[in-house]
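In: this one's structure only:
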């Protein structure tokens, strides 16, 4: 089993545990992430359409789960809260990326920086390429 497959199974299991708690109600953006993990490919935040694709070892959801999903980096709730970065994060121009076509969003949460890298393929249509915690 690949790292991606193991981490995908792990995150699905953790979501089921969180869902099984009596008072758990996911916010709309968290439910969108759960639907993506189970197969959905896009969601809307404000006036932007966010595309989160499976990708490969270097970009997309596969990259995020293989490289950044573990106890010392992104956790399950960080993954589920990914959409709020587009609402609450500061968009940085040409910071942290070598490709000028990519945009970086940064948000401080619990004394950790959450960093999201996107590629705007059309006006207000973004593809997530990377997501990590520093």
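Out: Yes, it's here. These numbers were taken from a predicted model, which means no experiment stands behind them. Residues are numbered from 1 along each chain as shown.
In: Contacts for the top helix by length along the chain next, please.
Out: When the chain is parsed with DSSP state H, its longest helix is helix 3-20. Among residues not part of helix 3-20, those counted as contacts by CB atoms under 8 Å, 6 or more residues apart in numbering are 24, 26, 34, 37-38, 62, 65-66, 69-70, 76-77, 79-80. The C-beta positions use only the backbone N, C-alpha and C, and glycine is treated the same way.
In: 6 Å - rerun?
Out: For helix 3-20, contacts defined as CB atoms under 6 Å, 6 or more residues apart in numbering pick out 24, 34, 62, 65, 66, 69, 76.
In: Which of the residues in it are classified as buried?
Out: 4, 7, 8, 11, 15 (16 or more other CB atoms under 10 Å).
In: What of stretch 64-75?
Out: Buried, per 16+ other CB under 10 Å, within stretch 64-75: 64, 65, 66, 67, 68, 69, 74.
In: Identify the residue nearest the second one in space, chain neighbours excluded?
Out: In this structure, residue 65 finds its nearest non-sequential neighbour in residue 7, 4.1 Å apart by CB to CB, 6 or more residues apart in numbering.
In: so what's the one you found scoring on pLDDT?
Out: We have a pLDDT of 89 for residue 7.
In: which residues of this structure score low on pLDDT?
Out: Within the chain, the ranges that satisfy pLDDT under 70 run 40-41, 71, 93-98.
In: Just the strands from it, written as ranges.
Out: Per DSSP state E, the chain carries strands over the ranges 42-45, 48-51, 90-92, 102-109, 112-122, 125-133.
In: now these in JSON lines, with distance to residue 58 and mean neighbour count?
Out: Putting the strands of the chain into JSON lines (distance: least, CB to CB, whole Å; neighbours: other CB atoms under 10 Å) gives the following:
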{"stretch": "strand 42-45", "distance to residue 58": "21", "mean neighbour count": "16"}
{"stretch": "strand 48-51", "distance to residue 58": "16", "mean neighbour count": "18"}
{"stretch": "strand 90-92", "distance to residue 58": "21", "mean neighbour count": "12"}
{"stretch": "strand 102-109", "distance to residue 58": "12", "mean neighbour count": "17"}
{"stretch": "strand 112-122", "distance to residue 58": "11", "mean neighbour count": "17"}
{"stretch": "strand 125-133", "distance to residue 58": "8", "mean neighbour count": "20"}
